[in-house]
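**Student:** Below is the sequence, then the predicted model.
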Amino acid sequence: MAANPRAASRLLSRCLSGALGQPLARSDLPANQSEWEKMLRASSAHLAAPQLRWALREQGLFPALPADVAEYLDAIYTLNLDRNLECENQLADFIQLLNSIGVRPVLLKGAAALVGGLYPTSGERMISDLDILIPAQRLPEILDKVAGAGYHAGVAEGMQMPDPVDFSEHHHYQPLLSPNWPASVELHLHPVLLEFGELLTSEEVFQDARLVKWRGGECLLPSPTHFVTHNIIHTFLVNTKHHLQRLSLRQLFEFVLATRTYGDRIDWNDIRHRFDSHANGKALRQYLALANTCLGFNVPNSINMDGRDRPRIQLYLFHLDLENRTALWTLNLARQVRSRLQALRKRPGKTVRKLFTTGVYRRFIDSILDTPGK
C-alpha cells in the first residue's frame, strides 16, 4: 500500500492545502494533461472544485494553469456561487418561517459554514442540502407550517411516510422539497446518526450554540468545539467507517479550515475526552492522522498520537488513491457485502425488513459507485 505521490487524490490534497497555509510551488501542480484530467475528476467526485480554485488563487498559481483548466474552475465557481446565493435566500426564508412559530434552529454543516462566514464567499463551498437542527417536540408543528409554504416530504418508493409525532426512526426527518427552491431541507432532531448520538447530543448543541441575527431572522450556530466534533463524527465515523464510503476531501478540508479559523476557541481536551469516553479515541486519532497526511494539519498537543495511528489509516489512503474504476467498484462491493452480512447476523429482523424497500438498493448502488459522503 505504498503511497503514490502522483495519484489524483494526492495531487488534489496537496493543492487544496494551499488554502490552509501550506506553501505550494508549480511542481506541486499536475505535470501534464492526463494528471490534470484525473485531478479535476477527483475534485468533482469530492465536490471540492471550488475549494481547489480558492487554493490555487490563494497561492498565486492561477495564472500558471492551462487555460481550459482555469476556465473550468471559474465556471464551476460561478455556477456554484449562483446556486448558493439562491440557497441562502431559501435558508433565510425558511428561518423566518420557523421564527414565526417561535423556533430558532441550529444550522449544521454547509448551512453553518455559509452563514458563519467560514469561506471567503458562498461560492467556495458546495452544498447538497440544508441541514437544520430543531427541537424534536416541535417537529409536527414545523411540518404543518412549512407545508403551507410549499414544502413536502420526499419518501422513497416502497416506504411509508413516517409519523412526525414522537418520531424516533432516524436522526433527521424525511428531506423536505419545494418546487420554489433549489435545495432539500433536512430537519434534524439529533445532530448525528442515532448510533453515535451519545457523542454529541441535541441538548448540548443548543445549549452552547451562538445566536446570530441574519437576513431578517434569528438562528443559532454550533460552538466551534461542536462544529469540529460534528465534522469528525459525520465525516469519519458515519460516512467513512459506518457507511464504508471513501473519505470526503471536501469535508476533511472543512475540518482543517475550521480548526485554523476557530483556533483557541476549540476545546481539544473536551473532544479527546468525548471520543475516549465512548470508545472512539482510536477513530479520532485516525481522522487527525488523515488530516495531517493529506492536508498538513497540525495535531494538537493535547491529543496523544502513538506509532500505531499512521499504519491504521493506510486502508483509507489506499481507498482514496485507488483510480482503477473496476478495482474500486470490486473493493466497494466486497466491503459492502461483508458489512451487510454482519448487520444481518446482528439485527436479522430489522435488516430483512429493509430488503423490501427500494431505498436500501439505491444506497447500496451509490456505495458501490463510490460517491464520497456529503
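**Tutor:** Sure thing, it's come through.
**Student:** Tally up the residues packed near Asp68, please.
**Tutor:** Asp68 has 11 neighbours, counted by other CB atoms under 10 Å. Bear in mind the C-beta positions are built from the backbone N, C-alpha and C, glycine included.
**Student:** what helix or strand does it sit in?
**Tutor:** helix 67-99 (DSSP states H and E).
**Student:** Quick check: what element follows that helix along the chain?
**Tutor:** strand 106-108.
**Student:** and that following strand, how far from the chain's centre?
**Tutor:** 13 Å (CA atoms, centre = their mean, to the nearest Å).
**Student:** Summarise which helices and strands the helix holding Asp68 is packed against.
**Tutor:** In terms of contacts (3 or more CB pairs under 8 Å, 6 or more residues apart in numbering; DSSP states H and E), helix 67-99 is packed against helix 33-45, helix 49-58, helix 109-115, strand 129-133, helix 139-147, strand 217-221.
**Student:** any idea of the mean pLDDT for the helix or strand containing Cys15?
**Tutor:** Under the criterion of DSSP H and E, Cys15 resides in helix 8-16. Across helix 8-16, the average pLDDT comes to 97.
**Student:** contacting residues for Leu73?
**Tutor:** Ala49, Pro50, Leu52, Arg53, Leu56, Leu65 (CB atoms under 8 Å, 6 or more residues apart in numbering).
**Student:** Do you know the pLDDT at it?
**Tutor:** With respect to pLDDT, Leu73 has a value of 98.
**Student:** Quickly note the distance from it to Pro50.
**Tutor:** According to CB to CB, to the nearest Å, Leu73 stands 8 Å off from Pro50.
**Student:** Same check on Glu204?
**Tutor:** Counting by CB to CB, the gap from Glu204 to Pro50 is 32 Å.
**Student:** Same drill for those two, tell me which one is more crowded.
**Tutor:** Pro50 (25 against 16).
**Student:** In contact with the more buried one, which residues are there?
**Tutor:** Leu73, Ile76, Tyr77, Asn80, Gly123, Glu124, Arg125, Met126.
**Student:** Now the two most distant members of those.
**Tutor:** Spatial extent of these (CB to CB) is set by the pair Leu73 and Arg125 at 14.6 Å.
**Student:** which residue ranges form the helices in the stretch 101-250 of the chain?
**Tutor:** For the stretch 101-250 of the chain, the helices defined by DSSP state H, counting those that start in this stretch occupy 109-115, 139-147, 202-208, 224-232, 249-262.
**Student:** Which of the ones you listed sits closest to Pro30?
**Tutor:** Proximity to Pro30 (CB to CB) singles out helix 249-262 among these, at 15.7 Å.
**Student:** Could you check how many residues crowd around the nearest residue to Arg285 once chain neighbours are set aside?
**Tutor:** Nearest residue to Arg285 in three dimensions, chain neighbours excluded: Asp309, at 4.6 Å (CB to CB, 6 or more residues apart in numbering). Asp309 has 20 neighbouring residues, counting by other CB under 10 Å.
**Student:** got any ranges where the stretch 51-200 of the chain has weak pLDDT?
**Tutor:** Scanning the stretch 51-200 of the chain for pLDDT under 70 picks out 156-159.
**Student:** Using a markdown table, lay out the helices and strands packed on helix 67-99 together with distance to Asn84.
**Tutor:** Formatted as a markdown table, these follow (distance: least, CB to CB, whole Å):
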| stretch | distance to Asn84 |
| --- | --- |
| helix 33-45 | 17 |
| helix 49-58 | 9 |
| helix 109-115 | 7 |
| strand 129-133 | 11 |
| helix 139-147 | 21 |
| strand 217-221 | 17 |
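**Student:** Figure out which of these is closest to Asn239.
**Tutor:** helix 109-115 (11.7 Å).
**Student:** Need the residues that contact the closest one.
**Tutor:** 84, 87-88, 91, 106-107, 118-119, 122, 125-132, 212, 214, 219, 221-222, 227, 230-231, 234, 254.
**Student:** picking up where we left off before, would you list the helices of the stretch 101-250 of the chain in JSON lines and tack on distance to Ser13?
**Tutor:** Shown next, in JSON lines, are those (distance: least, CB to CB, whole Å):
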{"stretch": "helix 109-115", "distance to Ser13": "20"}
{"stretch": "helix 139-147", "distance to Ser13": "39"}
{"stretch": "helix 202-208", "distance to Ser13": "30"}
{"stretch": "helix 224-232", "distance to Ser13": "17"}
{"stretch": "helix 249-262", "distance to Ser13": "6"}
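**Student:** Of the ones you listed, which is nearest Leu187?
**Tutor:** Nearest to Leu187, of the helices of the stretch 101-250 of the chain and by CB to CB, is helix 139-147 at 6.6 Å.
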